[in-house]
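Visitor: Build me a model from this:
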Amino acid sequence: MSDQMSCPDYRISPVRVWTQLGAEHRGQVIRLMAHLAFKLVLAQANSPLKEVPHAVAPERIQNSG
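Guide: The predicted model follows:
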């Protein structure tokens, strides 16, 4: 038997959830989203640029003709 319980698939609109939140919780959500956005930008700025594996190198394009 599985330890996981089966849950019905409820779909609730984010707008509906947001309107049900109090001012304090909304502030917490906004601070969390700002923090996550900051961490994402910081991580992208600190990571070296990576070549996309499926991209064709410019010299191959010029030499193919």
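Visitor: For residue 6, pull up the helix or strand it's in.
Guide: Following DSSP states H and E, one finds residue 6 outside all helices and strands.
Visitor: could you pull out the strands for this structure?
Guide: Remark: no strands are assigned in the chain by DSSP state E.
Visitor: Quick one: low-confidence residue ranges for it.
Guide: 1-5, 50-53, 55-65 (pLDDT under 70).
Visitor: swap the cut-off to 50 and go again
Guide: By pLDDT under 50, the weakly predicted segments of the chain are 1.
Visitor: That one: helices as residue ranges?
Guide: When secondary structure is read from DSSP state H, the chain shows helices at 14-20, 23-46, 58-63.
Visitor: Kindly reformat these as CSV containing distance to residue 6 and mean neighbour count.
Guide: For every residue, glycine as well, the C-beta is placed using N, CA and C. Below are the helices of the chain laid out as CSV (distance: least, C-beta to C-beta, whole Å; neighbours: other C-beta atoms under 10 Å):
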stretch, distance to residue 6, mean neighbour count
helix 14-20, 23, 9
helix 23-46, 29, 10
helix 58-63, 52, 8
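Visitor: I would like the residues contacting stretch 23-34, please.
Guide: Contacting residues not belonging to stretch 23-34 are listed as 18, 21 [C-beta atoms under 8 Å, 6 or more residues apart in numbering].
Visitor: With just CA atoms, put it into CSV.
Guide: Output in CSV follows, covering the C-alpha atoms of stretch 23-34 (Å, rounded to 0.1, in the frame of the first residue of the first chain):
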residue,chain,number,x,y,z
ALA,A,23,-2.9,42.5,5.2
GLU,A,24,-0.1,41.0,7.3
HIS,A,25,0.0,37.8,5.2
ARG,A,26,-0.1,39.8,1.9
GLY,A,27,2.9,41.8,3.2
GLN,A,28,4.7,38.5,4.0
VAL,A,29,4.0,37.2,0.5
ILE,A,30,5.3,40.4,-1.2
ARG,A,31,8.5,40.3,0.9
LEU,A,32,9.0,36.6,0.1
MET,A,33,8.5,37.2,-3.7
ALA,A,34,10.9,40.2,-3.6
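Visitor: sorry, back to before: is it possible to export the helices of the chain to a markdown table including distance to residue 7?
Guide: Converted to a markdown table, the helices of the chain look like this (distance: least, C-beta to C-beta, whole Å):
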| stretch | distance to residue 7 |
| --- | --- |
| helix 14-20 | 17 |
| helix 23-46 | 23 |
| helix 58-63 | 50 |
